[in-house]
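Visitor: this one's sequence-less:
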């Protein structure tokens, strides 16, 4: 069966990830949490029709992928927007696509399936994080005008509206809750997902 659905997970590096959690977690703890979040996303989105790549220019991320049987895509571009544009252009054979941030802790196989179904049915599907970011973005039509960075959700929304894209915003916590700061981490610990409970033997 030819794979039809492309998932890209951009990861800057695993040297000093999740730096805003440095007051509550050591560097090694943040690295391990980041790795476990990536592996959960991989396990959640994995299916017979899905191809999943970790997008990065970082050698340490490539080593992590090789050690965990994850597909690695080196973009050779500077900046997240350019990396994603290059990735999707290079992988244009896929009918459906998604770019998802690596710090979404509550994605499960069920919600990954919900997301993919929406991408198949809609032109564009998008979510908004609490800080007006774009934690997950995908669909069935080509899109290249990415505007990640501060207030990326508002910027993406403006691009979609100005270019007459048909899009749908999703409101499931699984798609908008990121472990971004100390408050998020406390919320995460108060409601740990199953994969984390298994690791830490809750």
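Guide: On my side now, so go ahead. On a predicted model such as this, the values are computed, not experimentally measured, just so you know.

Visitor: what sits opposite residue 168 in the beta ladder?
Guide: The bridge-partner assignment for residue 168, based on DSSP bridges, gives residue 125.

Visitor: next one: it from residue 55, what distance?
Guide: Taking C-beta to C-beta, to the nearest Å as the measure, residue 168 falls 24 Å from residue 55. (Glycine included, C-beta is placed from N, CA and C.)

Visitor: tell me which of the two has more neighbours.
Guide: More neighbours sit around residue 55 than around the other of residue 168 and residue 55, counting by other C-beta atoms under 10 Å; the figures are 24 against 14.

Visitor: and stretch 153-173, end to end?
Guide: One end of stretch 153-173 to the other measures 16 Å (C-alpha to C-alpha, to the nearest Å).

Visitor: run the chain-centre distance for that stretch.
Guide: Averaged C-alpha coordinates place stretch 153-173 at 17 Å from its chain's average position (C-alpha atoms, centre = their mean, to the nearest Å).

Visitor: how about it: buried residues?
Guide: Judged by neighbour count (16 or more other C-beta atoms under 10 Å), stretch 153-173 contains these buried residues: 153, 155, 156, 157, 160, 165, 167, 170.

Visitor: helix or strand: which one has the nearest residue to residue 80 once chain neighbours are set aside?
Guide: Of all residues beyond its chain neighbours, the one nearest residue 80 is residue 148 (4.6 Å), with distances taken as C-beta to C-beta, 6 or more residues apart in numbering. Residue 148 belongs to no helix or strand when elements are defined using DSSP states H and E.

Visitor: mind listing what residue 148 touches?
Guide: For residue 148, the contacting residues are 80, 81, 84, 133, 134, taking C-beta atoms under 8 Å, 6 or more residues apart in numbering as the criterion.

Visitor: am I right that the second one falls within a helix?
Guide: Yes - in this structure, residue 81 lies within a helix as judged by DSSP: H, G, I helix; E, B strand; the rest coil.

Visitor: so who does the closest residue to it other than its chain neighbours touch?
Guide: Of all residues beyond its chain neighbours, the one nearest residue 81 is residue 146 (4.4 Å), with distances taken as C-beta to C-beta, 6+ apart. Each residue near residue 146 by C-beta under 8 Å, 6+ apart is listed here: 80, 81, 84, 85, 99, 156.

Visitor: for the spatially most central residue of the chain, phi and psi?
Guide: For the chain, the residue lying nearest the average C-alpha position, counting by C-alpha atoms, centre = their mean, turns out to be residue 100 (1.9 Å). The main-chain torsion angles of residue 100 are listed as degrees, to the nearest 10 and equal phi -130, psi 130.
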